[in-house]
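Engineer: 3D model of this:
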Amino acid sequence: MSSLEERDVGVAAAPGSSSAGLGVGAVGAAADAVAGVAAMQEEVGIRREGPEPDPDEPPKKRVKIPEGESGKLEERLYSVLCCTVCLDLPKASVYQCTNGHLMCAGCFIHLLADSRLKEEQATCPNCRCEISKNLCCRNLAVEKAVSELPTECTFCLKQFPRSSLERHQKEECQDRVTQCKYKRIGCPWQGPFHELPAHESECSHPTKTGTELMGILGEMDQSHRRDMQLYNSIFSLLCYEKIGFTEVQFRPYRTDDFITRLYYETPRFTVLNQTWVLKARVNDSERNPNLSCKRTLSFQLILKSKVNSALECSFLLLKGPYDDVRIKPVIHHHSFSNDTNETDYVPLPISDSVECNKLLAAKNINLRLFIFQVQK
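Structural biologist: Predicted structure coming up:
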């Protein structure tokens, strides 16, 4: 045993032996290999990480949420239930195409109106399938889900379900903007609701003299007289001997120009034993009304019958019995004869472009026409 131990120690300790030189060379080669592998791993890691993000680069439209950072449920539902056109949560009705893509009522009506103006078939912005009032349907489940999502009150900044937000802002919120009850006699104060009692207890308008209030009451009387003038005019027209009314249906047509333009025309109809026609145009026949955000409709009344003497008439258009468009009636006057059988184009008194889009999106425009013949 002693000879074997001495032999092992001799081999390990012999500095000039060939076996010792072989061991040192193997260790050096192994160290070089480890260093090479580390360098390769570092290079691969840099490639995987990619270049550093540019801070000036605009954010992508949709950022992918990393695993483990899924965010709140409301934020994820927002991206699922939003309108595919305006990317906002619908406030009223929600429509879907045949493939299930969602559109809010405003965007859906706008797409149909644009297709009417451009004489094209309306398509879904996502899948390009055809859309129309017959092909699309409302998604009641999405409407109910959206109504339960929380949203922030613009006054108190608290969270409320969308279904109860309107009532909260109108009746319950203590920070909602309100006016003094003495506004009718000229008080201009506006402020949060919780400050109203303190203001009204110190308001100086109730103590003003009658002379000071006369100017304010005069302005109120002028505004009231303007509102009553229309109603008094209508009541006066209802006293005429000859009154006629009919339901009219505007149908879309195209001009024969190289660049066709949309216009509307009704079939001939008879009122007061005379034959009439109504025509309408969009944005006063401007070249590309589909590129304009503001849209209007104007119409003219045309007498098709021959008359022996001038026919002096008053007329107005109202909404049809089954339409929900809001029209403020305006009375127009014209003296019809064989030479002046057409009125000028007058604006259809609708409130805004949203109401105009409703009419353009419909297959036909249904209104009610009243004609009053002025007795000489």
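Engineer: Return the distance of residue 226 relative to residue 290.
Structural biologist: Counting by Cβ to Cβ, to the nearest Å, the gap from residue 226 to residue 290 is 36 Å. All C-beta atoms are positioned from the backbone trio N, CA, C, and that covers glycine.
Engineer: for residue 374, that is, sorry about that
Structural biologist: With Cβ to Cβ as the criterion, residue 374 and residue 290 are 40 Å apart.
Engineer: and residue 270, helix, strand or coil?
Structural biologist: Judged by DSSP: H, G, I helix; E, B strand; the rest coil, the three-state class of residue 270 is strand.
Engineer: which residues touch the spatially closest residue to it that is not a sequence neighbour?
Structural biologist: Spatially, and ignoring its direct neighbours in sequence, residue 270 is nearest to residue 276 (7.4 Å; Cβ to Cβ, 6 or more residues apart in numbering). Neighbour list for residue 276: 268, 269, 270, 301, 302, 303, 304, 305, 371 [criterion: Cβ atoms under 8 Å, 6 or more residues apart in numbering].
Engineer: ok, residue 374 and residue 290, which is more surrounded?
Structural biologist: residue 290 (17 against 14; other Cβ atoms under 10 Å).
Engineer: my guess is that one meets residue 117, correct?
Structural biologist: Yes: at 4.1 Å, residue 290 and residue 117 qualify as touching, with contact defined as Cβ atoms under 8 Å.
Engineer: so residue 194 touches residue 175, yeah?
Structural biologist: Yes: Residue 194 lies in contact with residue 175 (Cβ under 8 Å); the separation is 6.9 Å.
Engineer: These two: who's more crowded?
Structural biologist: residue 175 (17 against 12).
Engineer: secondary structure class for that one?
Structural biologist: Residue 175 is classified as coil under three-state DSSP.
Engineer: show me what contacts the spatially most central residue of the chain?
Structural biologist: Residue closest to the mean C-alpha point of the chain, counted by Cα atoms, centre = their mean, is residue 106 at 4.7 Å. Residue 106 makes contacts with 86, 354, as judged by Cβ under 8 Å, 6+ apart.
Engineer: Tell me, what's the model's pLDDT at it?
Structural biologist: pLDDT recorded at residue 106 is 90.
Engineer: element containing it?
Structural biologist: helix 105-118 (DSSP states H and E).
Engineer: Backbone torsions only: list them for residue 283.
Structural biologist: Reported as degrees, to the nearest 10, the phi and psi values for residue 283 are phi 50, psi 40.
Engineer: before we move on, the earlier item: could you confirm the residue nearest to residue 270 falls within a helix?
Structural biologist: No: applying three-state DSSP, one finds residue 276 to be strand, outside a helix.
Engineer: Would you check how far apart it and residue 375 are?
Structural biologist: 19 Å.
Engineer: again with residue 204
Structural biologist: 55 Å.
Engineer: Residue 191 now?
Structural biologist: In terms of Cβ to Cβ, residue 191 sits 56 Å off from residue 375.
Engineer: Please apply the same query to residue 228.
Structural biologist: 24 Å.
Engineer: Tell me if I'm right that residue 86 and residue 104 touch.
Structural biologist: Yes: the pair residue 86 / residue 104 is scored as a contact, 6.6 Å apart, by Cβ under 8 Å.
Engineer: So these two - more neighbours on which side?
Structural biologist: residue 104 (22 against 13).
Engineer: That one touches residue 81, doesn't it?
Structural biologist: No: here residue 104 does not reach residue 81: they are 10.4 Å apart, not a contact under Cβ under 8 Å.
Engineer: which residues are common contacts for those two?
Structural biologist: Joint contacts of residue 104 and residue 81 (Cβ under 8 Å, 6+ apart) are residue 90.
Engineer: Quick check: which helices or strands does whatever helix or strand residue 313 lives in pack against?
Structural biologist: Element membership of residue 313 [criterion: DSSP H and E] is strand 311-319. Packing partners of strand 311-319 (3 or more Cβ pairs under 8 Å, 6 or more residues apart in numbering; DSSP states H and E): strand 297-303, strand 332-336, strand 365-373.
Engineer: Pull out the buried positions in it.
Structural biologist: Neighbour-count burial for strand 311-319, counted by 16 or more other Cβ atoms under 10 Å, picks out 311, 313, 314, 315, 316, 317, 319.
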